[in-house]
Structures are given as C-alpha cells and as structure tokens.
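In: I would like the atomic coordinates for the input below:
(chains A and B)
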2 protein chains.
Amino acid sequence: MSLTTVHFSMSLDGFMAGPDQSIDEPLGVGGERLHEWHAWDGREMHPADEAMKAELLTKRGAVLMGRNMFGPIRGPWEGAAEGDWRGWWGDEPPYHTDVFVLTHFARDAVRMEGGTTFHFVTGGFAEGLRVAREAGDGDVHVAGGAATIRQALEAGEVDQVTLDIVPVTLGSGERVFPEGQVDLGWEPVEVFASPYATHVRYRVQR
Amino acid sequence: MSLTTVHFSMSLDGFMAGPDQSIDEPLGVGGERLHEWHAWDGREMHPADEAMKAELLTKRGAVLMGRNMFGPIRGPWEGAAEGDWRGWWGDEPPYHTDVFVLTHFARDAVRMEGGTTFHFVTGGFAEGLRVAREAGDGDVHVAGGAATIRQALEAGEVDQVTLDIVPVTLGSGERVFPEGQVDLGWEPVEVFASPYATHVRYRVQR
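Out: Numbering: from 1, shown residues only, chains lettered A, B, ... in the order given. Presented below is the predicted three-dimensional model:
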C-alpha cells in the first residue's frame, strides 16, 4: 500500500513557522527555534533527533510542496527580482527524487544535481498529488508549507503524520490545522523523545 | 527542594478547554475530548494513561486553583443562583489536602470529606501561592484553569509541567501560554505514550 506522509515541526502553541516570512527569514521571525533539534550549531545530535533527521532525508517516491516552501517569489517566474530561483537548497537539494511544486504560473522543469527535479504544477493540490503519486512508486511526502499540509489534511489524503513538538511558543505565525473542531482521526503510534523535541508519529484513520 | 507543578491536557492546536464554558459544559464545547484518555467510558485504561491518572491523584502539599476551575459562580458567593457551591467534585473531592481558591470575594473555608478543605484567597496569585506553600510541605500543584496556569508560568514559579498532548483540535477556547514568543525554558525529560495521549514531562529551567 502506498503512503502519503507529512512531517513538520511545531511550537507548543501550534505554529509551524513564525510571522513575517521573508527571503531573509524563510521560517518567519523566531521560526528557526522550531528546528534547533537538528543541531545546526554543530553539537552532537541526540539519537532520537538523529533518527528523525534520517527519516526526513529518506528518498521518497515523490515530494509535493507549495510554492511558498519552494521560494519567496510571488507572481510570474519570468522577470522576478530573485532571478532564476532554484529553491532554497543549493545545487544539490536533499530530495533526490521528483519534487512537484504547486504554483499558479507554468514553468519548465528544473533538473538539479543528485537526482532532484523540480516540476511545476498549475492544476491545484489534487492534480499535484495525482501526478506526484504517478511519478514514483505511489508514496508521496507532502513537505510543506503550512497551507499545503492543511490542504492535504482537509482532503483526507494523509496516511501518516510525524510531528516534532518543540517546547517553545511563537505566539503568531503559520498554522497547519483546519479551523474549528475537526475529527483528525490521528492515533499516536510511536514516540521518539529528546531534550529538544518530542517526535510523535500518528497513523491517520481514513 | 519543594516543587511547584502544573499538569494539563491540551489539544494539538494549543487549547486546554473548548469555547463557551458553562455549568453544563465546564470544559467548554468539545473540551471533554481532551480527557478521553481517562477512559471514562469504562474501557480498560492504557498503562501510560493509568500512570498519569495516578499521578494526578497523588496527594500534594497543597493545591492552588482559580475560581473558574472551582465553579461557575461569578460575583459574590452569597445569594448566588448556584447556592452553597462546594466545587464540581461532590462530597469527597480527589485532593485530600488544602486547596486554595483565588477569588475577589472572601468566604469562610469549606471542609469537605476525605481531608480536602477549600480556602478562599483574595490577595491575588502571588499571595495564593505563598499561603499554599506555607500550608503544607512546600509542594504546590497549580491545578488550573488556564488563566491561573498562565499566571504561574508568567511569574516564573513553575518547576515542572506535565502536558497531555491529545490528538484533537478545538479551533477556539482557553489557551494557557503567554502571548508572543516567550522563552519558556521547558526541557522535555520524560514521555509516557498511549494511543490516546502523549504525556510529556518538562523540567522548567528557572
């Protein structure tokens, strides 16, 4: 059975990015605090965090993401101030597979080093998910951002959620959950705990 | 060293009670979903949930709570429509110790069966915490509701937080966290996981 997965880091007050996202602060103000469990400061990683990072870097059948996650450009790609934007991740992005980017503006595919190709899908979320499933073995990782993960949840298309619950508050920013009281159908099935984050895996009853 | 503790159940979107709390729905609309891990429907409890319930029922040096948690009465105690309100918990409340209720309206202490006595403190949170610490061995459990827990956090008086993270969303209701980006100083130290809740214990760096 193929799996559609999401995995995101969240503050205790329910934000997956801080306010005022920009090219300088793609995670929003304070948003980098949600990712300190990655030990970007060079300290030794906790084994639980290491396992979660390894899982994030596992190659998927395909990846689906929103344009907001791919880059800061709004409007048409041609003539954008950011030039020939090729994502945040340098010449060799960590995906090593087909990545489908949801956008309102068509663009030719961009082939990167290491097996990552960015495809641009203008048909909306459902169309993006369909082509992503067909591109690989059927497994699709919905990488983000908040709006795209919310669409995946609202469409009832997610089988598994991994949540890194980080002991900080952001006060405002990007929320992932649909509005109101929603029966998510999430059952916690596994926990990986470190002093930096509590990683909870949920199976989604569909 | 004496400990000041809090323990509350929270939805994934950060609410510890639903909206529209009332005498009929003291946990707010949908709020009872945060407490399904207590297995009130009579099913066998999961061992992790059982351990957390036993901990909640452990006798403390003293308990501190807001008036909103004690009951639905607002304004003076005398002449209230609810009559001689003695809490939500029947003749024998589960505290078995001195319980200090923060209120703007003085009232004589109410002695219940099983060792619980409700004391009414009109001097505000700091005064309530001081008398609660002096009443017993110095350990104080700040039981709730949201406003009282928030005051305890903002005052920097909490040593340990236990959070039951419940896989539901409430969309609106009572929040516990201070506004904005606050350095909580919470370090996850222990996790008890069940299919109903992820119970995380945090040590608070003060």
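In: enumerate the residues of chain A near chain B.
Out: Residues of chain A lying close to chain B by CB under 8 Å from any CB of the partner chain are A:10, A:12-14, A:18, A:29-30, A:33, A:163, A:165, A:167-172, A:175, A:177-184, A:186-191, A:193-198, A:200, A:202. All C-beta atoms are positioned from the backbone trio N, CA, C, and that covers glycine.
In: at 7 Å what do you get?
Out: Counting by CB under 7 Å from any CB of the partner chain, the residues of chain A close to chain B are A:12-14, A:30, A:165, A:167-171, A:177, A:179-182, A:184, A:186-188, A:191, A:193, A:195, A:198, A:200, A:202.
In: how many neighbours does A:Asp24 have?
Out: By other CB atoms under 10 Å in any protein chain shown, 7 other residues sit near A:Asp24.
In: before we move on, what about A:Glu36?
Out: By other CB under 10 Å, 16 other residues sit near A:Glu36.
In: for it, which residues are in contact?
Out: A:Tyr196 (CB atoms under 7 Å, 6 or more residues apart in numbering or on different chains).
In: can you give me the pLDDT of it?
Out: A:Glu36 carries a pLDDT value of 95.
In: cool, and A:Asn68?
Out: What the model reports for A:Asn68 is a pLDDT of 87.
In: relative to A:Arg150, how far out is it?
Out: Separation of A:Asn68 from A:Arg150 (CB to CB, to the nearest Å) stands at 12 Å.
In: just the residues of chain A next to chain B: which are in strands?
Out: Applying DSSP state E to those, the entries found in strands are A:165, A:186-188, A:191, A:193, A:198, A:200, A:202.
In: can you give me the strands for chain A?
Out: With DSSP E as the criterion, chain A has strands at A:4-11, A:15-17, A:62-66, A:98-102, A:110-111, A:117-121, A:140-144, A:160-166, A:174-175, A:186-193, A:198-204.
In: select only the buried ones of the residues of chain A next to chain B in ChimeraX?
Out: Selection of buried members from the residues of chain A next to chain B for ChimeraX, criterion 16 or more other CB atoms under 10 Å in any protein chain shown:
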select /A:12,13,14,30,165,167,168,169,170,171,177,181,184,186,188,191,193,198,200,202
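In: where's the residue of chain A positioned farthest from its centre relative to B:His46, distance?
Out: Taking CA atoms, centre = their mean, the residue of chain A most remote from its mean C-alpha position is A:Gly79, at 26.8 Å. For A:Gly79, the distance to B:His46 (CB to CB) stands at 58 Å.
In: which stretches in chain A count as helices?
Out: For chain A, the helices defined by DSSP state H occupy A:47-56, A:67-70, A:125-135, A:146-154.
In: so of the strands of chain A, which one's packed in deepest?
Out: Across the strands of chain A, the average number of neighbours (mean count of other CB atoms under 10 Å in any protein chain shown) peaks for strand A:15-17, which reaches a mean of 28.
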